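# Dropping the sequence and predicted coords here.
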Amino acid sequence: LDHGLYRHIDDNFRLLYRRLWRSIIFGDEHGIREASRELGVGDMYPLVASILTARPWDAIQRGDLESLRTPSGDAALEELRGYVREYRGQIADLLRRLPREIILLLKANDCLRCIDRQLGLPINNFAVMAEYTADTAWERARVQLAVLYLRATFAIQSFVARLRTFLPAPMV
């Protein structure tokens, strides 16, 4: 079934999204602000984080996974509806400014949250996101280390080759 909701997400965007989620998970306001700025939404960073997590800004600032867990029940749903009514104008403005890739990812996050709720699964999607952001960070560091190793190896080999030109040839 092709519903037209496919998009290629380049590495730069993937790393930006990882930084945004890492900052959200750790309650790093500066990191959330910087990632949101790079997404083109500037000072709307509290709303970006709240929409991604479906949690209020004060819960995000606590910086622990439990405060990010989406509560279930009618009271929690009514609280969320209240936030949507209160901020609907800002939400509409934000959605116009966000890159299309983020909109697609928001939809995927909402679908996963809905499935979890319908199945009654106690999965903390934020813990899963934390694991994947750590994996992405490790992969990026691994690639950077490999490049650094290759550059160092080349530099050493070049140095040795130049050094050989200054040394007398061995006597046989």
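Thanks, I have the structure now. Only a predicted model underlies this, so the values are computations on that prediction, with no experimental measurement involved.

# Just give me the neighbour total for Arg97.
Arg97 has 14 neighbouring residues, counting by other Cβ atoms under 10 Å. Placement of C-beta: from N, CA and C, glycine included.

# helices or strands next to the helix or strand hosting Leu47 in the packing?
Using DSSP states H and E, Leu47 sits in helix 45-53. Here helix 45-53 touches helix 11-25, helix 29-39, helix 57-61, helix 74-97, helix 100-119, going by 3 or more Cβ pairs under 8 Å, 6 or more residues apart in numbering; DSSP states H and E.

# contacting residues around Ile60?
Ile24, Gly27, Ile32, Pro46, Ala49, Ser50, Thr53, Ser67, Leu68 (Cβ atoms under 8 Å, 6 or more residues apart in numbering).

# hmm, 7 Å instead?
Ile24, Gly27, Ala49, Ser50, Thr53, Leu68 (Cβ atoms under 7 Å, 6 or more residues apart in numbering).

# if we can go back for a sec, wait, which of the helices and strands packed on helix 45-53 is closest to Glu139?
Glu139 lies closest, by Cβ to Cβ, to one member of those: helix 11-25, at 9.8 Å.

# okay, the angle between the closest one and helix 29-39?
150 degrees (axes from the mean of the first three to the mean of the last three Cα atoms, to 10 degrees).

# weakest of the helices and strands packed on helix 45-53 in terms of mean pLDDT?
Mean pLDDT is lowest for helix 100-119 out of the helices and strands packed on helix 45-53, coming in at a mean of 80.

# Show me what it packs onto, helices and strands only.
With contacts taken as 3 or more Cβ pairs under 7 Å, 6 or more residues apart in numbering; DSSP states H and E, helix 100-119 sits against helix 45-53, helix 125-166.

# Could you look over those helices and pick the most buried one?
helix 45-53 (a mean of 22; mean count of other Cβ atoms under 10 Å).

# send the alpha carbons of that helix over as CSV?
Output of helix 45-53 as CSV, limited to C-alpha atoms (Å, rounded to 0.1, in the frame of the first residue of the first chain):
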residue,chain,number,x,y,z
TYR,A,45,11.2,25.5,20.8
PRO,A,46,8.9,24.8,23.9
LEU,A,47,6.0,24.2,21.5
VAL,A,48,8.2,22.0,19.2
ALA,A,49,9.2,19.8,22.2
SER,A,50,5.7,19.7,23.5
ILE,A,51,4.2,18.6,20.2
LEU,A,52,6.8,15.9,19.7
THR,A,53,6.2,14.4,23.1
